[in-house]
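>>> Build me a structure from this.
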Amino acid sequence: MPLTPTAIKGTCGIMIEGTSGEVTLLAPVTAIATNTGITAPSGSTGMKLHIIINAWLTSGSFTINGTGSPNNTETVTVAAPTTQQTQSQTGYSFEYVSTNNYTAITNVTTTGGVTGATLTVKGIQAAKYNIPVEVFKSTRKQPQHSPNEFSGSQARDKRLIAQFVETSIDNLDSNFYGDLSLYWIYLMLGSPPSWSTLPASPLSIVASATIVASQTIANQPTAPGMKLICVFSTYASSAAITITGTQYGLTVNETITPTGNGTYYSANVYSAITTIGGSTNATTVVITGVFGWKGTVTSEATKQTAAIEHFDGSASWIHPFSFASSGSFAVNTKGEALLSLSGFAQDKLAIGDRTTTPLQTSRVTSLGIPLGDIPLAGWQTQGYIDNINGTAGTTAFLAPEQELKIMINTPDDRHWTFNNTQAFTRAYSQKYECTVSATYDIIDLLQNEQFRQNLKQYLVVKMVGEYIGTTGGTAYYKGWQWTLPVRYDGVYGQEAQTSAGNVFAKPQLRTEYDAGIAGSYSVQIITRQPPNYTS
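Numbering: from 1, shown residues only. Coordinates of the predicted model:
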């Protein structure tokens, strides 16, 4: 008998939510044989549907019909409620989260005892990106209340009542990637207000023309390669273009099929293009090339929420309204660069039929294995420190000799409102704070003097990843550059030990709002991920 991998085959997918949390697509109604009038799902990836059945008495079924992926329909059998369920004083329910992601819903049909029951349909945005996560842990908590009453009984607990639901994202930890780690920026720091292309003026690849079998290629991408930006207008049905070229020395091709006028991006990074074309069509296309995008986010940005899907090797789960409350970015010269994140979610819901056993098949959104990006090692870091009246990122800072960790604390204020649900429905951010811990190899007292005088400095931490191109005489590498206006936070921690070869310090620093960067921290992002991350 072969050994069956379970947990090691786990996956984690994410989608930045357009609307935070579950969305009601059909308010509670008495189910009829064919139920229509369901609000269309939102988001480019569609939605998983959360179907809730209440007050059914006998067995039956329901069928979801619509436009979905991987299938357009799914039928679910609902067993008759058990005697134990019907004796519940707080009501009983059958809940199901669809395995398909629906972009449109035709109807929900019912049979047997489900007809006449109460039907509710909610939607949760489906994952868009498969993120390489080393640790993912979530916990659903549901505290019980038991009145301690004079009841004539010796038993302490007479009736246990389920109270609110609180779901925590305990760990979402990963290596640092130049492209794949953008989820951390959006959840932990917030959305960059804008993205600019690199170069600022994209290279013309195909001038404006209607689609024909062979488009005229005006220019070849610059080395080492470019993403293609395809802008379609005068859209006509069945429009599509196929691009054939070279990526990292290999022949690749892809077909881009627009669903309307708009901007689309190539999946591949082309160092050369052999052909571009499609069936003759009235749709007009303009194609340009860029080697990357640049964006900046500060402490004044607004954090985003996400729907997170996780297959743990057994069950598949979805977590709507997920957000971060604390996290860290850490580099170690002898190890890898690491990201961590923890926070909360509105709920933790099982996807698909919960009676299947054994359950070792993923039901989360099927996304390709992310192989187009590589993690960074800690030594791929440059540090700078400059006076606050100087230019940040000018003077090399070599004192941090092994480890540097940036910690972000973004506490939240969650609210459970009176809407007959156990999960929270609103959340608000509180004040953000940023601290830094480091290890110094002491060769002078220059930084100790900054500590003594309580002087503010610009600390810049720059990750230098894959080289993606040069423009305006500046070479660009995938990665992040932190600009931190810091003061030493109460302790410098210099000491000598007979077991150590040199004097060292383990100082703590804290960032302070600075008008020069319009925040208490600033992160510049260089990436090949197009600016459609949230769409």
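
>>> going forward, measure contacts and count neighbours with C-alpha atoms only.
Will do.

>>> Skipping adjacent residues, who's closest to residue 204 in space?
Distances taken as CA to CA, 6 or more residues apart in numbering place residue 288 nearest to residue 204, at 4.6 Å, with adjacent residues excluded.

>>> Strand partners (parallel or antiparallel) of the strand or helix carrying that neighbour?
Counting by DSSP states H and E, the element that carries residue 288 is strand 281-290. If you go by DSSP bridges, strand 281-290 pairs up with strand 203-211 (antiparallel), strand 227-233 (antiparallel).

>>> Packed most tightly, which of the ones you listed would that be?
strand 227-233 (a mean of 21; mean count of other CA atoms under 10 Å).

>>> Can you give the contact residues for that one?
258, 260-270, 283-292, 528 (CA atoms under 8 Å, 6 or more residues apart in numbering).

>>> Go through the longest helix that the chain contains and flag the buried ones.
Longest helix in the chain, counting residues (DSSP state H): helix 446-453. Neighbour-count burial for helix 446-453, counted by 16 or more other CA atoms under 10 Å, picks out 447-448, 450-451.

>>> Same question for stretch 426-438.
Quick answer for stretch 426-438 (16+ other CA under 10 Å): 427, 432-438.

>>> So residue 309, which state does it fall into?
strand (DSSP: H, G, I helix; E, B strand; the rest coil).

>>> need the contact list for it.
Contact analysis of residue 309 by CA under 8 Å, 6+ apart lists 12-14, 126-127, 316-319, 364-365.

>>> hmm, 10 Å instead?
Contact analysis of residue 309 by CA atoms under 10 Å, 6 or more residues apart in numbering lists 11-15, 125-128, 130, 316-320, 348-351, 363-365.

>>> Spatially nearest residue to residue 320 (excluding sequence neighbours)?
Nearest non-adjacent residue to residue 320 (CA to CA, 6+ apart): residue 307, at 4.4 Å.

>>> Wait, the one you found touches residue 349, no?
No - Residue 307 lies out of contact with residue 349 (CA atoms under 10 Å); the separation is 11.2 Å.

>>> Please enumerate the shared neighbours of those two.
318-320.

>>> Closest to residue 419 out of the residues you listed?
residue 320 (17.2 Å; CA to CA).

>>> Wait, the closest one touches residue 49, no?
No - Residue 320 is beyond contact range of residue 49, at 11.8 Å (criterion: CA under 10 Å).

>>> residues of stretch 528-535 that come out buried?
Buried residues in stretch 528-535 (16+ other CA under 10 Å): 528-531, 534.

>>> Closest one of these to residue 162?
Closest to residue 162, out of all of the buried residues of stretch 528-535 and judged by CA to CA, is residue 534, at 35.8 Å.

>>> Which helix or strand contains the closest one?
Applying DSSP H and E, one finds residue 534 in no helix or strand.

>>> State the distance from it to residue 421.
28 Å (CA to CA, to the nearest Å).

>>> where along this protein do the helices fall?
Applying DSSP H to the chain gives helices spanning 83-86, 182-184, 446-453.

>>> Any chance of those in JSON lines with mean pLDDT and distance to residue 376 as columns?
Below are the helices of the chain laid out as JSON lines (pLDDT from 0 to 100; distance: least, CA to CA, whole Å):
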{"stretch": "helix 83-86", "mean pLDDT": "82", "distance to residue 376": "52"}
{"stretch": "helix 182-184", "mean pLDDT": "97", "distance to residue 376": "14"}
{"stretch": "helix 446-453", "mean pLDDT": "94", "distance to residue 376": "28"}
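
>>> Perfect, I'm done here.
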